[in-house]
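**Student:** fold the following and give me the result.
(one chain, ligands or ions: 2)
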Amino acid sequence: MLPLDATPAHGEAFAGYLHRIAALIETDPHSLYAHLRLRSAGRTVRYVHLALPDWHVRDVSRELGIEREQLEATLLRHFAGLDLGALTGTHADVAHRTVQRGQWLFLSGTRYCAPCLDEGRPWLNAWQLPWAFMCASHHVLLSGACSHCGRRPDLVARASSRSQGCTPERCACGHSWRDSPPGPAVGDGLTDLQRQLDGATEGRPEPLWGSVTGGRERLAAWRAAGAASARGTGMRPWARRPFLVPPTDPATMAEVVTRAAPILTAESMSTAADALGALFAERSGLGEAAIWNVFPRSSPLAPVARMWLRRSGRVHSRLARSQDQALPLVAVPMDRIPTLADPRWLPPRWRDVAVPDVTFRRVVVSLAVARLAGAGTWHTAGRALGLDGDYAARTVRHVLYRLGDPARSELTSAAQAYAAALNGASPVATRPHDLVRGVAALRACAHIEDRGLAARD
Ligand SMILES: [Zn+2]
Ligand SMILES: [Zn+2]
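**Tutor:** Ligands and ions are numbered 1, 2, ... in the order given. Just a heads-up that it's a prediction; the model follows:
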């Protein structure tokens with residue numbers, strides 16, 4: 001046992017604590033790591049950060065003369081909302097990958113609050129979590145990098161080599177953390193979201209969509225919604241696969257949480273489905289396959305996504321919603337809707353574009369009218385107009401995708417205007433003529449755009 005009496009401070013991180021103890025006994029952290037057998041052969045940085053097994057916790061706490069629970073509180077496994085089970089008793093990289101794929105974790109690196117350190121507070125365990133983006137004491141965003149050299153703080157790094165690393169006082173470049181500017185101020189809304197995330201990482205059961213849910217499930221749902229938010233147009237994804245890699249920058253994390261919040265704070269699964277639809281609505285033509293690419297079907301968010309997909313006829317929720325609102329207003333008999341809309345009723349921006357082919361553009365306006373007239377899905381709308389259902393749905397996705405934003409709202413307005421005109425028009429047998437011409441034209445240009453259609457499927 002070491003000749004000292006030093007219990008960890010409240011909330012202190014293990015790596016920062018070890019630096020502090022090393023200073024107290026006037027040794028370098030490296031020798032302390034060696035003494036505590038934290039850097040034996042094969043033990044990686046991640047071993048200290050994530051995976052200290054029970055026997056080692058027991059040994060280290062005995063060696064340092066502190067209670068085992070006090071040491072446990074400095075480790076990431078203190079957070080009951082995390083699931084580090086796969087790491088128990090092993091430090092193999094494959095286990096780290098398994099755990100990382102199962103949840104958002106930093107395998108190394110940490111964040112910090114400069115005002116906290118300036119006041120002499122310890123390096124906090126919670127700063128090692130991607131979920132912590134702000135300081136509750138100072139109401140500022142945490143910092144994710146050294147303000148001098150841009151390096152990510154990593155207090156554990158020093159365990160694996162003798163080179164100069166970061167300490168709780170300074171960055172490896174020599175810059176003092178406490179000299180860094182504090183992060184931007186944070187308002188009440190974000191503070192409340194941070195509190196909700198803290199509850200989840202602590203493992204507290206709280207309501208999610210109307211039923212009490214464990215912390216792990218809530219974190220998993222936040223993670224899936226956060227990854228989904230990276231698919232919106234307003235945000236640049238922070239990683240190639242956002243679902244697997246959390247944002248390192250606390251400001252990005254705050255933005256992700258803000259965008260995901262309407263889904264996670266919804267009172268019911270039904271309003272959560274609306275919020276998810278609104279999030280995806282920023283990407284025109286995002287197909288079902290793309291949604292399951294964002295997060296897996298096993299995610300707690302999956303039932304919400306399924307509800308939204310079902311409700312939106314697996315196409316576009318905004319159009320579906322405006323259709324709901326407009327339904328009582330249009331009463332066009334299906335047999336009065338031409339297969340190919342009169343080109344004069346195309347949305348203005350759609351009239352002179354080179355792609356997609358004008359036949360596709362016209363048929364999509366007609367399909368939208370059919371939906372306003374009561375067809376629940378693009379599939380049904382297609383069949384009502386004498387087209388193959390699947391083909392009709394693909395055509396709509398293709399046209400919306402090729403025309404980009406704001407093609408959806410343009411289509412809704414044009415279809416409403418056209419439907420009103422058709423409703424007032426005298427019954428003319430336009431459809432049989434158009435059907436023959438339309439189907440032939442669709443077939444003729446299908447082979448040209450087939451690749452595009454397939455790619456959006
Ligand atoms: Zn602080
Ligand atoms: Zn630095």
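
**Student:** please make it C-alpha for all contacts and neighbour counts, starting now.
**Tutor:** Fine.

**Student:** surely S229 touches V256?
**Tutor:** Yes: using Cα atoms under 8 Å, S229 is in contact with V256, at 6.4 Å.

**Student:** so these two - more neighbours on which side?
**Tutor:** Taking other Cα atoms under 10 Å, S229 and V256 do not tie; S229 has more neighbours (27 against 23).

**Student:** can you tell me which residues contact the more buried one?
**Tutor:** S229 is in contact with M235, V256, R259, A260, L279, F280, counting by Cα atoms under 8 Å, 6 or more residues apart in numbering.

**Student:** which two of the residues you listed have the greatest separation?
**Tutor:** Among these, the pair separated by the greatest distance (Cα to Cα) is V256 and F280, at 14.0 Å.

**Student:** mind listing what the residue in the chain positioned nearest to ligand 1 touches?
**Tutor:** Relative to ligand 1, the nearest point of the chain is C116 (3.9 Å; Cα to the ion). C116 makes contact with P122, H138 under the criterion Cα under 8 Å, 6+ apart.

**Student:** that one: what secondary structure?
**Tutor:** Recorded secondary structure, C116: helix (DSSP: H, G, I helix; E, B strand; the rest coil).

**Student:** mind pulling up the pLDDT for it?
**Tutor:** Looking at C116, its pLDDT is 97.

**Student:** pretty sure S270 sits against L309.
**Tutor:** No: at 11.7 Å, S270 and L309 do not qualify as touching, with contact defined as Cα under 8 Å.

**Student:** what is the burial count for the nearest residue to A239 once chain neighbours are set aside?
**Tutor:** Excluding the flanking residues, the one nearest A239 by Cα to Cα, 6 or more residues apart in numbering is V245, at 6.5 Å. Using other Cα under 10 Å, V245 is surrounded by 19 other residues.

**Student:** equivalent analysis for S298, please.
**Tutor:** 9.

**Student:** the host helix or strand of Q194 packs against which elements?
**Tutor:** According to DSSP states H and E, Q194 maps onto helix 188-201. Secondary-structure packing of helix 188-201 (3 or more Cα pairs under 8 Å, 6 or more residues apart in numbering; DSSP states H and E): helix 215-229, helix 250-264.

**Student:** can I get those in a markdown table with distance to ligand 1 and mean pLDDT?
**Tutor:** Formatted as a markdown table, these follow (distance: least, Cα to the ion, whole Å; pLDDT from 0 to 100):
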| stretch | distance to ligand 1 | mean pLDDT |
| --- | --- | --- |
| helix 215-229 | 23 | 93 |
| helix 250-264 | 14 | 95 |
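
**Student:** can you put the ones you listed in CSV and add distance to ligand 2?
**Tutor:** Below are these laid out as CSV (distance: least, Cα to the ion, whole Å):
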stretch, distance to ligand 2
helix 215-229, 29
helix 250-264, 17
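
**Student:** and the ones you listed, which is most packed in?
**Tutor:** Among the helices and strands packed on helix 188-201, judged by mean count of other Cα atoms under 10 Å, the one packed with the most neighbours on average is helix 215-229 (a mean of 24).
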